[in-house]
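A.B. asks: using only what follows, build the 3D model:
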Amino acid sequence: MFKDKIVLITGGTGSWGQELTRNLLETNPKEIRIFSRNEFTQVDLKRKFNDPKLTFIIGDVRDFDAVYEACQNVDFVFHLAALKHVPICEYQPTEALKTNVLGTQNIIKASIMQGVEKVIDVSTDKAVDPINFYGMTKAIGEKLIIKANDMSEKTRFVCIRGGNVLGTNGSVVPLFKQQIVEGKEITLTDVDMTRFFLTVPEAIQLLLKATAVAIGGETFVMKMPACKIIDLIQVLKNIFGGAHSPIKDIGIRPGEKLHEVLISLSESPNSYKYDEQYFVILPSHPTELLLSHYNHLPKVTFPYFQSDQDLMTNQEIELLLKKGKFI
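C.D. replies: Predicted coordinates for the structure are as follows:
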């Protein structure tokens, strides 16, 4: 699929971007363009991969001209760039709006104008029934991406939704590990809080799956496991010797949910079981093409897909951490 193709990755120096780049290089593309704002991380990544197929572009998705130029002759766009830290987006909503909404609009416009084949937008469980500004901006981004399929006969747009990715920037797992190793108090926002988790390779697998099979206008979701955060802390304490590390309840942070949702009550009537690993969500008013492509699949049988359902045991949490090469 990517052989001799040109791929653009926005926000390409993050954990998702690095793993995606590693996977794409194995498919013999013509060029991979890494588009991001931070020159240091670009220099670091260039040294790490040392591959002539990589092109590094300093730019911001808020800047249409920069995005338009980066999209020239591109076949696939992976839109990973976002402001994603929930409290920061709560305190600086204008900045989140510029990156997550206006930036997505720029990606859409530039991709259509440059004749890109397919755009894959990375969204989040926080976009479902959002209560925080980050989730709201990502929900708007999803709507913009899905609607963009009506704006072009050539360029196809698809969304994927992920949960918490183990070990990425802002993940709670590195924080908990650091607190345990340093003998500090372990900060827990709520004893009942649950979250979906997946490894970085699983996240990229979801991205590549959607790229390969999507026809445009749908949202792909992986069947990912969930756990109570207090159980995750206990597993990390057992592994890193924090038996006597105290847990401090600091309360839910601004904009945080107790449980996250990947498929909402309103979306489940339009959701299908794609296979044993993935669900696909169609928009509320799908095109005839989308319906004919997916209506042979079984509809999901649950009313919604929420993180407090089917929780992992401590043993399963430990296996997930090992799978993600975090322990």
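A.B. asks: switch to C-alpha atoms for all contacts and neighbour counts from now on
C.D. replies: Fine.
A.B. asks: thought Q306 was touching V261?
C.D. replies: Yes: counting by Cα atoms under 8 Å, V261 is a contact partner of Q306 at 4.3 Å.
A.B. asks: could you check which of the two is surrounded by more residues?
C.D. replies: V261 (22 against 19; other Cα atoms under 10 Å).
A.B. asks: wait, G217 sits on I146?
C.D. replies: Yes: assessed by Cα under 8 Å, G217 is found in contact with I146 at 4.8 Å.
A.B. asks: what about M151, how many neighbours?
C.D. replies: A total of 12 residues lie near M151 under the criterion other Cα under 10 Å.
A.B. asks: next: the one 3 residues further on.
C.D. replies: Residue neighbour count, defined by other Cα under 10 Å, stands at 12 for K154.
A.B. asks: what's the helix or strand for it?
C.D. replies: Using DSSP states H and E, K154 sits in no helix or strand.
A.B. asks: which one is it nearest to, not counting chain neighbours?
C.D. replies: Of all residues not flanking K154 in the chain, E117 sits nearest, at 6.4 Å (Cα to Cα, 6 or more residues apart in numbering).
A.B. asks: ok, now K228?
C.D. replies: Distance criterion Cα to Cα, 6+ apart; nearest residue to K228, sequence neighbours excluded, is T194 at 4.3 Å.
A.B. asks: hang on, the one you found packs against E256?
C.D. replies: No: T194 is beyond contact range of E256, at 11.2 Å (criterion: Cα under 8 Å).
A.B. asks: just to revisit the earlier point, the residue nearest to K154 touches S152, doesn't it?
C.D. replies: No: with contact defined as Cα under 8 Å, E117 does not reach S152; the gap is 10.3 Å.
A.B. asks: need the contact list for E19.
C.D. replies: Residues in contact with E19 (Cα atoms under 8 Å, 6 or more residues apart in numbering) are V200, P201, I204.
A.B. asks: need those in JSON lines (columns: secondary structure and pLDDT).
C.D. replies: Shown next, in JSON lines, are the contacts of E19 (DSSP: H, G, I helix; E, B strand; the rest coil; pLDDT from 0 to 100):
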{"residue": "V200", "secondary structure": "helix", "pLDDT": "87"}
{"residue": "P201", "secondary structure": "helix", "pLDDT": "88"}
{"residue": "I204", "secondary structure": "helix", "pLDDT": "92"}
